[in-house]
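>>> Need the 3D shape of this:
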Amino acid sequence: MKSIAIGMGAAALLAVLAGNCLAQSGAAAAYPARPIRIIVPNSAGSATDTATRIIAQRLTDSLGQQTVIDNRAGASGVIGHEITTKASPDGYTLLVSTSAGIVINPILKKVPYRPEHDFTPISLLVISPQMLFSYPGLPVRTVDELVALARAKPGQLNCASPGFGTSNHLGCEMLKTMTGVNFLHVPYKATSPAVSDVVGGQVQFMFNSMPNVMPLVKVGKLRGLALAGVKRSPSAPDLPLMSETIPGFQCITWYALFGPAGMPGAIVTRLNGEIVKMFADTAFAKRISDAGQEPQATTPEGLTKHMREESARWSNVIKAAGLKLEG
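Below is the predicted model of the structure:
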């Protein structure tokens, strides 16, 4: 009798699991049945926002439902992330997070979320190398010349960023620690006013993703000095790499697609497949690469691995810079 009871229990469990699988497959087949909201924890017009809008339009076309961008800037991205953690995990609220929001902030700040527990990873989207650029009136044209000027005028030059703990800020800190020069970090509340003050000469230089600043470089309002990626960009082939002057220097922002924790696996698979498919379209991928960014899809597991590797890398940068946890 005992063996019969165990057999019946196992059968019941299998029936429940099978029912769950059928329910998930049914949900995926019907998904999406209404518009999808993608939260962008940055302001409209930012590099993250620009890339997300291109991807969202393609999702609208391929899924047959409107994909709406919801900009929730503030608190270095914490606001948008917290909203996502509280959303229903039904696939209708997604998040495009950045390396700052999902990796760096949890190292440097007390944030109300746990990256590997409170989100469902879907796919990496874009790799975005930071560009080092300066006020055109600054008498430098190379990284070497900037470092030499900063060494000659310790504490007199300023490096802008859109806030403490951003990749832009950590680019400034890496430049300090890897060259031994001293300059001031000037944090702003957003990217646009920081870039505007470099254009106006109120601050001397900055790191930022290419899409927002390359048009200004082309018309001479900013001077591009170097790119902090691992390879030269086809959209600016003459721009040297930081690592050509400072070996090992790498400052890259990346964007990835997440949902709230607990999303059905079938919906995650569906969304991941759409990302892989759109980036396999050469013409579509070129729209992103032409802006100085690199489209790059991964599996959900690949995204989790990438997050762990980046967390270890940025932890080392933060330790070397002597940055302390913010309250």
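
>>> Give the buried residues for stretch 69-82.
Within stretch 69-82, the residues that count as buried by 16 or more other C-beta atoms under 10 Å are Ile69, Asn71, Arg72, Ala73, Ala75, Ser76, Gly77, Val78, Gly80, His81, Glu82. Bear in mind the C-beta positions are built from the backbone N, C-alpha and C, glycine included.

>>> meant to ask about stretch 294-309
Residues Glu294, Pro295, Gln296, Ala297, Thr298, Thr299, Pro300, Leu303, His306, Met307 are the ones in stretch 294-309 that count as buried (16+ other C-beta under 10 Å).

>>> that older thread, which one among the buried residues of stretch 69-82 gets closest to Leu184?
Ser76 (19.4 Å; C-beta to C-beta).

>>> right, and that closest one touches Ser167 too?
No: contact criterion C-beta atoms under 8 Å: Ser76 and Ser167 do not qualify, at 11.0 Å.

>>> shared neighbours, the two?
Common neighbours of Ser76 and Ser167, using C-beta atoms under 8 Å, 6 or more residues apart in numbering, are Ala100.

>>> Show me which pair in the buried residues of stretch 294-309 is furthest apart.
Largest separation among these by C-beta to C-beta: Glu294 and Pro300, giving 19.6 Å.

>>> nearest spatial neighbour of Val217, skipping sequence neighbours?
Of all residues not flanking Val217 in the chain, Gly224 sits nearest, at 4.4 Å (C-beta to C-beta, 6 or more residues apart in numbering).

>>> Tell me how many other residues surround that neighbour.
The tally of other residues near Gly224 (other C-beta atoms under 10 Å) stands at 20.

>>> before we move on, what about the one 3 residues further on?
The number of residues packed around Leu227, counting by other C-beta under 10 Å, is 26.

>>> what's the answer for Ile107, then?
When counting by other C-beta under 10 Å, one arrives at 17 neighbours for Ile107.

>>> Any regions of the protein where pLDDT drops low?
Within the chain, the segments meeting pLDDT under 70 span 1-28, 326-327.
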